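Participant: I would like the atomic coordinates for the input below:
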Amino acid sequence: MSGFTTHSGKIAVLNEDQVDTDRIIPARFLSKVEKSGYGELLFHDVRNESFILDRPEAKGASILVVGTNFGCGSSREHAVWAIQQGGFECVIARKEENSPGFSDIFRGNSANCGLLLIELNHADHEILAALPTGATITVDLPAQTVSFADYVFPFQINEATKLALIEGLDLIGTTLQFEADISKYEAHSTAFVPPMVGSTHA
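Facilitator: Below is the predicted model of the structure:
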């Protein structure tokens, strides 16, 4: 994965709450065995000329601004893939006292796939969401800010997730950082490990 540091791009404002994963990508498309081709399926069942992503001003948008509890519903990495392959680098949601910006499972899938999720408080999000689709903003992950014009909004993010996103590491990449230590341990481990199929070692 490519790392994320700063990104300036156009926003698409879909300021709706409780957008579930079946709306992001309908379940009937989950039988695809490839990891590609999901961008054209993003919000498939609600797409029309009046839908925000189908309006001319949304063309080329790379930052999606949504409401609260985005990505709720069933777990599916396909929802994250569809958003990424739809051209979006990050998603900005609203965090309320009794509602997270994103569902826990969607948050985990996004971190694993390299999609930056940002939660803003109600007041800051209200200002951001009032911008028209097509406006340009800047996201600075190292500084943990979202900015445009004279506004600078701070956001919080898990430190491990932040570092993985900056370095472009998924779970496997993060594990491989410790490859030398893992190999050293395994070389001296006396634990029984079944032989691999086709292995010549007994």
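
Participant: I'd assumed residue 64 was in a strand, is it?
Facilitator: Yes - when DSSP: H, G, I helix; E, B strand; the rest coil is applied, residue 64 is found to be in a strand.

Participant: What distance do you get for residue 53 to residue 85?
Facilitator: Taking Cβ to Cβ, to the nearest Å as the measure, residue 53 falls 13 Å from residue 85. For every residue, glycine as well, the C-beta is placed using N, CA and C.

Participant: which residues are common contacts for those two?
Facilitator: Residues touching both residue 53 and residue 85 (Cβ atoms under 8 Å, 6 or more residues apart in numbering): residue 42.

Participant: For the most centrally placed residue in the chain, give me its contacts.
Facilitator: Geometric centre of the chain, nearest residue: residue 115, 2.7 Å, by Cα atoms, centre = their mean. Counting by Cβ under 8 Å, 6+ apart, residue 115 touches 80, 83, 84, 88, 89, 90, 91.

Participant: got these as TSV, with pLDDT, secondary structure and neighbour count columns?
Facilitator: Output for the contacts of residue 115, formatted as TSV (pLDDT from 0 to 100; DSSP: H, G, I helix; E, B strand; the rest coil; neighbours: other Cβ atoms under 10 Å):
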residue	pLDDT	secondary structure	neighbour count
80	96	helix	26
83	98	helix	26
84	96	helix	20
88	98	coil	22
89	96	coil	18
90	97	strand	22
91	98	strand	24
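
Participant: Let me have those in JSON lines, extended by distance to residue 128.
Facilitator: Output for these, formatted as JSON lines (distance: Cβ to Cβ, whole Å):
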{"residue": "80", "distance to residue 128": "22"}
{"residue": "83", "distance to residue 128": "18"}
{"residue": "84", "distance to residue 128": "21"}
{"residue": "88", "distance to residue 128": "15"}
{"residue": "89", "distance to residue 128": "16"}
{"residue": "90", "distance to residue 128": "12"}
{"residue": "91", "distance to residue 128": "12"}
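
Participant: Cool, thanks, talk later.
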